[in-house]
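Visitor: output the structure for:
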Amino acid sequence: MFFSITRKDSSCAARTGILHLPHGEVSTPVFMPVGTNGTVKAVTAGDLKEIGFDLILSNTYHLYLRPGEEVIEKAGGLHRFMNWDRNILTDSGGFQVFSLSALRKITSEGVKFQSHIDGSSHFLSPEKAVAIQVLLGSDIQMQLDYCSHWGASRKEAEKALAITTDWLGRAINTWEDSVSQGKYKGSLFSIVQGNFFPDLRKRSAEICAASGTSGIAIGGLSVGEPAEVFFETLEYTAALLPEEKPRYVMGIGTPEYILNAIEHGVDMFDCVLLTREGRNGRVYTRRGPFALKRAENTFDFSPIDKECGCKVCREYSRSYLRHLFKTKEILCSMLASYHNLYFINELVSGCRKAIEENRFLEFKKEFLSCYN
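Guide: Numbering: from 1, shown residues only. Purely as a prediction, here's the structure:
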């Protein structure tokens, strides 16, 4: 069994579960730190284990371009290359191709694109996306999809959905071939598209459910839409998905978004936000985030968060961290990123505990009243 639900909250769709993966079990809901280039920026593999992460995300597009398939293959796969013996989810590269709209051309066959590094030309098909992720040794891999932008016409949304659906079938065939040969044990997730047209979303969700993939991602969000549209579309789409499959929303990392997603039955999420803001001197606390560079921290020798038990809060003061940030010391990025990841992991752990106690909505209300 790939996914087992262990508890449901009676007041909403929130639930806890376990993902049974090749590199160990993962409790859900789960936040995945993003290791785009085979590393979570400014954080070591040992730090990630110390915080308690069992699943991280890496990026197929970036690893394909650099260091390249040959290097990772000779290293024995991505796990060995980056010295990470727990689970890895890899995205297909579809969103990166979407964001590089000036450098790509999408056809039914796949995507022709130029490297953002050196301008070299490449072609990514759904079959190749699977093959690259098999070579990486991904514990969970994503299908290649066509993501349309906020404000896209219905015609464009229908075209994107038709191509995504065709690519899903081709991805499944390639994935099944790899699994049947005994050289790959990872799972494949399908992705719901349809832009912000409810009927297209429903059609896509039904296609993904019927495809038999191990899990389903809710795609096509965080593409420029207002927050209220994001929440409305997430709630609508999540309710369409089969209960027995894990649900994954890509690219959310703030407490408000995570709590909302969990309330509507989402099990997995990732975001670069926590480490990116850590590198820019912004840290998270139970009473909201703040910037270390603020002058009021100059003589503040208290920790980032007195309620936090992480080693950064035990060992360093706001004053010292401000000093590191102002002098552009690398250690500030390391410590702030560690703290932010610890914060979000503790929040999600608290969510799991609240669901087990059948009090998730109460937990959400208490947390946000303090955080905001």
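Visitor: tell me the SS of Glu156?
Guide: Secondary structure, DSSP: H, G, I helix; E, B strand; the rest coil: Glu156 is helix.
Visitor: what about it, how many neighbours?
Guide: Glu156: 14 surrounding residues under other CB atoms under 10 Å. Where you see a C-beta, it was placed from the backbone N, CA and C, and this is true even at glycine.
Visitor: who's in contact with it?
Guide: Glu156 makes contacts with Ser148, Asn195, as judged by CB atoms under 8 Å, 6 or more residues apart in numbering.
Visitor: would you mind measuring from it to Ser319?
Guide: Computed as CB to CB, to the nearest Å, the Glu156 to Ser319 distance reads 52 Å.
Visitor: for Asn260, same thing?
Guide: 35 Å.
Visitor: neighbour count winner among the two?
Guide: Taking neighbours as other CB under 10 Å, Asn260 and Ser319 compare with Asn260 leading, 20 against 15.
Visitor: so that one is in contact with Phe231, correct?
Guide: Yes: under the criterion of CB atoms under 8 Å, Asn260 makes contact with Phe231 at 5.8 Å.
Visitor: so what touches the worst-scoring helix or strand of the chain on mean pLDDT?
Guide: Within the chain, judged by mean pLDDT, DSSP states H and E, the helix or strand with the poorest mean is helix 94-99; its value is a mean of 79. Residues outside helix 94-99 that contact it (CB under 8 Å, 6+ apart): 59, 61-62, 104, 106, 111, 113, 124, 129, 142, 144-147, 149, 191, 219, 223, 250-251.
Visitor: buried sites along that helix?
Guide: Gly94, Phe95, Gln96, Val97, Phe98 (16 or more other CB atoms under 10 Å).
Visitor: relative to Lys245, how far out is the second one?
Guide: Distance check for Phe95 against Lys245: by CB to CB, it reads 21 Å.
Visitor: likewise the third one?
Guide: Counting by CB to CB, the separation of Gln96 from Lys245 is 25 Å.
Visitor: what's the domain layout of the protein?
Guide: 22-271, 273-372 (automatic domain parsing).
Visitor: for Ser11, find the nearest of the ones you listed.
Guide: Minimum separation from Ser11 across the domains of the chain (CB to CB) falls at domain 273-372, 5.0 Å.
Visitor: now the end-to-end length of the closest one.
Guide: End-to-end span of domain 273-372 (CA to CA, to the nearest Å): 18 Å.
Visitor: ranges for the helices of the stretch 1-150 of the chain?
Guide: Counting by DSSP state H, counting those that start in this stretch, the stretch 1-150 of the chain has helices at residues 45-51, 60-65, 69-75, 78-82, 94-99, 126-136.
Visitor: what's next to the longest one, contact-wise?
Guide: Spelled out, it's helix 126-136. 58, 60, 63-64, 69, 72-73, 77-78, 88, 90, 92-94, 110, 141-144, 167-168, 170-171, 173-175, 178, 183-184, 186, 188.
Visitor: mind listing what's buried along stretch 208-225?
Guide: Residues 208-209, 211, 213-223, 225 are the ones in stretch 208-225 that count as buried (16+ other CB under 10 Å).
Visitor: contacting residues for the residue nearest to Ser101 when sequence neighbours are not counted?
Guide: Nearest residue to Ser101, sequence neighbours excluded (CB to CB, 6 or more residues apart in numbering): His149, at 8.0 Å. Residues near His149 by CB under 8 Å, 6+ apart: Phe98, Ser101, Val223, Gly224.
Visitor: are we agreed that the third one is in a helix?
Guide: No: Val223 is assigned coil when assessed by three-state DSSP, not a helix.
Visitor: isn't it up against Ala157?
Guide: No: taking CB under 8 Å as the definition, Val223 is not a contact partner of Ala157, at 11.5 Å.
Visitor: and for these two, which residues touch both?
Guide: Taking CB under 8 Å, 6+ apart as the criterion, Val223 and Ala157 both touch Ser148.
Visitor: which SS class is Gly309?
Guide: coil.
Visitor: next, it: phi, psi?
Guide: Torsion angles at Gly309 (phi, psi; degrees, to the nearest 10) stand at phi -100, psi 10.
Visitor: what about Lys159, neighbour count?
Guide: Lys159: 16 surrounding residues under other CB under 10 Å.
Visitor: any idea how far Ala209 is from it?
Guide: To Ala209, Lys159 is 22 Å away according to CB to CB.
Visitor: over to the spatially most central residue of the chain. Which of the three states is it?
Guide: Closest residue to the average C-alpha location of the chain: Asp270 at 2.3 Å, with CA atoms, centre = their mean. Counting by three-state DSSP, the backbone at Asp270 sits in strand.
Visitor: residue contacts, the closest residue to Ile117 other than its chain neighbours?
Guide: Excluding the flanking residues, the one nearest Ile117 by CB to CB, 6+ apart is Leu65, at 5.8 Å. When contacts are counted by CB under 8 Å, 6+ apart, Leu65 is found next to Ser115, His116, Ile117, His122.
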